[in-house]
Every structure is written in structure tokens, then in C-alpha cells.
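Student: Return atomic coordinates for the entry below.
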Amino acid sequence: MINVCLADNYPVVHFGIKSYFKDHPEIRVISNVGSFLMIPDALQNKEINVLVIDLELDGLKSIYELKAIIKKFPSTKILIFTSLNEQIYAPNAIKAGISGFVHKSSKLETLGTTIIRVHQGIVMLSENIRKNLALIAKQNKTERIYRKLSNREIEVLRFLCDGKKNNEISKTLDLNEKTISTYKKRLFQKLDVTNLVDLVNKAKTLDII
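Tutor: Presented below is the predicted three-dimensional model:
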């Protein structure tokens, strides 16, 4: 039996997924948490094989925090289950050590299949993402530059698009304010804009946020 911990903000998601897998022959949801801060205790107190987590989970400030979870609990596979754009976030998540990515528009049957394969040690990406990664590898630097945003740059971009100031972002990510300014300049360069308004609009156009 595969023991699963579900980390999501919304009770309806917890109820729906737990109900769906109630009589599943291979998957059992044994833990539900509504905050990133609750995850370490959940993984310490129970034998969790797969952690299913939303990237927008309350308290999750950075994908780097997931890397810390992977390091501390190496026997637990992490599967992203989110409504964020798969093409933008899945490649960076896989680079961080995440085992799989399922968009919330997918069927719960797909989630179940992915949980099983991730538990088996298979890194799971959708066929569309695999094809896109292959295409990106063939493109020139100019064509693929917006796709080459680092994890940190995407995180800073999301905060900027939410209206956060540099000093607020630096406190949230526990980084120097000058470092945030550097990331902001890189974003301007990579997305070929000269001001914050255009940066936000470009991010929306490219479906990064």
C-alpha cells in the first residue's frame, strides 16, 4: 500500500481526493495538511511514501524549501498537484528533485496512476512537457530565453506581479534586498522589458503567472 500525504489549502480538495482513493487497492491517503509548516511533523510521525503538494500551499515560499524536504526525507517522493502553468513550473520542479507534476485540471485517475509510478521511482512528466523540452533544446537562445528563467527568478517574478516591493520579497525569501534587485534586472533583460508594468504584462502574456 502506498501511503500518501496531501498538502493543499482547500478542504474540498482534501475531501474529494480522500473520498476518491478511499477504496483504492494501492493508494491510501493517511495524512492531510493545510500548511507547509505542518509537513515536517506529518512526515516524521507517519511513514509517507508520496507527498502530494500544491505549489501555492500556504507557507511554501520557495521551491528550494521542497529541496530541503527531499534532503531530510529521502524516502518520500514529492508529487506536485497544482493549477499553475505546467510548461513553466514543471521543468524547474523536476530540476529541484520533484518526482512528478500533475495539473489540477487532470482526472483523478491520472493523479492515481502518477502516484503509483512516482512511488516506483519513475519521474513523471506529461507527454506535452516532454515534447516541449525537446523542442526547447532545439531552439536558439532568443526563442527560448523566457523559458530559461531560474526557480528564483520565477519566484521573484510572482511576488513582483502580486505587487510586492523589493524589501518585502527579500524578507519573504530571506535574501538580501540587493539580490532581489539583481533578479529584477535579470527579469527585465530576459523578458525584454524596461519597466514593472510591462514586466507584469509580459508575464501574463507568457502565462508565467
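Student: how many other residues sit next to residue 159?
Tutor: Look at residue 159: counted by other Cβ atoms under 10 Å, it has 20 neighbours. In this view, the C-beta of every residue, glycine as well, is placed from N, C-alpha and C.
Student: for residue 58, helix, strand, or coil?
Tutor: coil (DSSP: H, G, I helix; E, B strand; the rest coil).
Student: Was I right to think it contacts residue 33?
Tutor: No: counting by Cβ atoms under 8 Å, no contact exists between residue 58 and residue 33, whose distance comes to 9.8 Å.
Student: Compare the two (neighbour count), which wins?
Tutor: residue 33 (22 against 14).
Student: Return the residues in contact with that one.
Tutor: Residue 33 makes contacts with 5, 6, 7, 39, 42, as judged by Cβ atoms under 8 Å, 6 or more residues apart in numbering.
Student: And the pLDDT for it?
Tutor: pLDDT for residue 33: 97.
Student: Distance check, it against residue 73.
Tutor: 14 Å (Cβ to Cβ, to the nearest Å).
Student: How about residue 120?
Tutor: 18 Å.
Student: what pLDDT, on average, does the longest helix along the chain get?
Tutor: Across the chain, the longest stretch assigned as helix under DSSP state H is helix 177-190. If you average the pLDDT over helix 177-190, you get 90.
Student: Provide the contact partners of it at residue level.
Tutor: For helix 177-190, the external contacting residues (Cβ under 8 Å, 6+ apart) are 145-146, 148-149, 152-153, 156-157, 160, 166-167, 169-170, 173, 194, 199.
Student: change it to 10 Å
Tutor: With contacts defined as Cβ atoms under 10 Å, 6 or more residues apart in numbering, helix 177-190 is touched by 145-150, 152-157, 159-160, 164-173, 175-176, 193-196, 198-199, 202-203, 208.
Student: what about the residue nearest to residue 62 when sequence neighbours are not counted, which SS state?
Tutor: Nearest residue to residue 62, sequence neighbours excluded (Cβ to Cβ, 6 or more residues apart in numbering): residue 155, at 5.5 Å. Here residue 155 is recorded as helix under three-state DSSP.
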